[in-house]
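Engineer: no sequence for this one, just the structure:
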C-alpha cells in the first residue's frame, strides 16, 4: 500500500531505495519525529534487528508500506 510519510506509524514495514540505485531494502519503523518540514523515521533493517538508521521524508512524500508488524 502507498501512503504519505506523515501517516507512518511504528510497526509499519517500508520498502525504499536505499544507498544505491535499484537497491531496495525493507525497514521496520521504530519511531516517527517531526524535524522542520520533514518526517524522520527511526528504523531498523527487517533482516538485521541491530542495524538501525533514520530516513527523512517530506511530509507529503509517498512511501510504500509492505506490512504492519503490529497487526
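Structural biologist: Noted; the coordinates are in hand. Bear in mind the structure is a predicted one, so any value in this text is a computation, not a measurement.
Engineer: now do stretch 11-29: distance from first to last residue.
Structural biologist: Start-to-end span of stretch 11-29 (C-alpha to C-alpha, to the nearest Å) is 5 Å.
Engineer: which residues sit against it?
Structural biologist: Stretch 11-29 is contacted by residues 8-10, 41-47, 53, 55, 63-71 when judged by C-beta atoms under 8 Å, 6 or more residues apart in numbering. The way it works is simple: take the backbone N, C-alpha and C, and place the C-beta from them, glycine included.
Engineer: try it again at 10 Å.
Structural biologist: 1, 3, 5, 8-10, 30, 32, 41-47, 49, 51-55, 57, 63-71 (C-beta atoms under 10 Å, 6 or more residues apart in numbering).
Engineer: what of stretch 49-63?
Structural biologist: Residues beyond stretch 49-63 that count as contacts (C-beta under 10 Å, 6+ apart) turn out to be 1-8, 12, 14-16, 18-19, 25, 27-45.
Engineer: what comes up buried for it?
Structural biologist: Judged by neighbour count using 16 or more other C-beta atoms under 10 Å, the buried positions of stretch 49-63 are 55, 57, 63.
Engineer: ok, back up a step: quick one, which of the contacts of stretch 49-63 are buried?
Structural biologist: 5, 8, 12, 14, 16, 25, 27-29, 32, 39-43.
Engineer: from these, which land in strands?
Structural biologist: Among those, DSSP state E puts 12, 14, 16, 25, 27-29, 32, 39-43 in strands.
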